[in-house]
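Asks: I'll drop the sequence and a predicted model, then ask my questions.
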Amino acid sequence: VTDNSDNQSSCTSTVTIVDNTPPVAICTAFTLYLNASGTATLNASDINSSSTDNCGITSYQISKDNVNFYNTLSYSCTDVVGSKTVYLKVKDASGNTATCNATVTVVDNVAPIAKCKSVTLDLDINGNATLLATAVDNGSTDNCSIVTRTVSPSTFTCANIGSNMVTLTLTDASGNTSTC
């Protein structure tokens, strides 16, 4: 600063810049598919839909309860029924945070693995026999659970003496089917 007599004086001051602006969290719905082991992992990036921040986002975390946040969440066969709400928390370098929520649908689209074995079935004294599905099932498996086993045909008479082809049909809790 200079006055009318050409006297000068100067000083310095410190200006502190802060970022108090929270990020903008933007979520999107996501469908998560279980694997052959009946599990799946959800990443924060799966439900993030271009969240932004004026100075940049430094972390993305997700939560099932909007309290405990993690980098990933695990799901299994017990999560297949209905949709789930998942929370995304984004954080910037200044510690500002924002959250949003998304609907996550967990899907089991893995069919059971049907394994059949040959069996011998004896006719009763009336010339009839009934074949149970469990009799031809040779250790079939599913990533979640098999809820029904049916075999067709399942009834035999004297007219069927000899080799007969049957079909074992398995259905899991999600409606996926497999036959052998």
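Replies: Yes, it's here.
Asks: Could you use CA atoms for every contact and neighbour count after this?
Replies: Noted.
Asks: Report the contact partners of residue 93.
Replies: 55-58 (CA atoms under 8 Å, 6 or more residues apart in numbering).
Asks: Now do the helices in the chain.
Replies: For the chain, the helices defined by DSSP state H occupy 44-47, 133-136.
Asks: Per-residue pLDDT of residue 1, please?
Replies: What the model reports as pLDDT for residue 1 is 68.
Asks: Mind listing what's buried along stretch 111-130?
Replies: 111-116, 129 (16 or more other CA atoms under 10 Å).
Asks: Next, format the residues you listed as TSV and append distance to residue 33 and pLDDT.
Replies: Listed next are the buried residues of stretch 111-130 as TSV, based on distance: CA to CA, whole Å; pLDDT from 0 to 100:
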residue	distance to residue 33	pLDDT
111	13	97
112	15	97
113	18	97
114	21	97
115	24	98
116	27	98
129	42	97
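Asks: Just give the closest residue to the residue most central in space within the chain, not the sequence neighbours.
Replies: Nearest to the mean C-alpha position of the chain, counting by CA atoms, centre = their mean, stands residue 32 at 3.5 Å. Spatially, and ignoring its direct neighbours in sequence, residue 32 is nearest to residue 106 (4.8 Å; CA to CA, 6 or more residues apart in numbering).
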